[in-house]
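In: Kindly generate the corresponding structure for this input.
(one chain, ligands or ions: 1)
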Amino acid sequence: MADINFCTRCGENVSPEALYCPACGTPIEGRVAADGRTAEQVIEDRLAESRVSWILMLLIIYAIPAIVAGLYLIIEKDAVASIMMAEQSFVEFMTQYGMSESQLRTYVGYIGILALVSGLSAAVSGFCVYKRMYWIIAVTACAVASFLCMGSIFGFLIGLMVTWMIITSKPLFKDQQPASQ
Ligand SMILES: [Zn+2]
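Out: Numbering: from 1, shown residues only. Next comes the predicted model:
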């Protein structure tokens with residue numbers, strides 16, 4: 001096949017080894033990468049890789065504060081309850097619902113455990129995504145992290161979006177690829 005040295009779409013000159021046009025991104029017909037992938041596949045793989053970077057970033061941004069906050073609430077639940085009870089309107093709220101101070105402490109600790117488990121789940125999911133292994137664990141752990149993030153609807157929706165991104169990144173996971181390679 002006669003090799004062309006210009007872009008069929010915009011006319012830009014392209015180097016002999018280029019897989020796609022540097023100006024408009026159109027794949028150069030008939031060219032393949034050293035590993036046999038077509039230009040379309042190379043572009044697709046790069047997009048998939050950048051999506052994985054986004055997934056990892058979102059999971060890390062969530063996991064670290066959730067773990068820290070969870071541990072803090074568990075360890076300092078008495079102090080946190082005292083701070084909350086310093087607010088007169090909160091004490092009125094507690095009285096209204098018949099909640100005692102010890103119940104409040106238990107409740108704060110319980111929220112801490114949920115935050116910690118949620119953060120750890122996000123971390124487990126992030127680890128699997130980073131390793132490109134155990135796709136089903138990555139999906140499940142991310143979903144668990146989302147559902148335990150009850151404090152905010154926003155966090156819950158972001159969590160579901162990241163879960164969906166992991167689901168659709170299935171082909172990138174080593175345990176989901178055909179055994180032929
Ligand atoms: Zn072009």
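
In: ok, which stretches of this protein are helices?
Out: Taking DSSP state H, the helices of the chain run over residues 39-75, 77-85, 88-96, 101-131, 135-148, 153-168.

In: Adding mean pLDDT, write those out as CSV.
Out: Compiled in CSV, those are given as follows (pLDDT from 0 to 100):
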stretch, mean pLDDT
helix 39-75, 91
helix 77-85, 93
helix 88-96, 92
helix 101-131, 94
helix 135-148, 94
helix 153-168, 91
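
In: Any idea which of those gets closest to Gly25?
Out: Gly25 lies closest, by CB to CB, to one member of these: helix 39-75, at 7.4 Å. Quick note: C-beta positions are derived from backbone N, CA and C, even for glycine.

In: Deepest-packed of the helices of the chain, please.
Out: Highest mean neighbour count of the helices of the chain: helix 135-148, a mean of 21 (counted as mean count of other CB atoms under 10 Å).

In: and the angle from it to helix 153-168?
Out: Using axes from the mean of the first three to the mean of the last three CA atoms, to 10 degrees, the direction of helix 135-148 lies 170 degrees away from that of helix 153-168.

In: which parts of this protein sit against the ion?
Out: Taking CB under 5 Å from the ion, the part of the chain that reaches the ion is made up of Cys7, Arg9, Cys10, Glu12, Cys21, Ala23, Cys24, Thr26.

In: just the buried members of those residues?
Out: Burial by neighbour count, 16 or more other CB atoms under 10 Å: within the residues of the chain next to the ion this picks out Cys7, Cys21.

In: Am I right that Phe90 is in contact with Met84?
Out: Yes: between Phe90 and Met84 there is a contact under CB atoms under 8 Å: 5.3 Å.

In: sorry, back to before: which one of the helices of the chain lies nearest to Glu17?
Out: Glu17 lies closest to helix 39-75 among the helices of the chain, at 11.5 Å (CB to CB).
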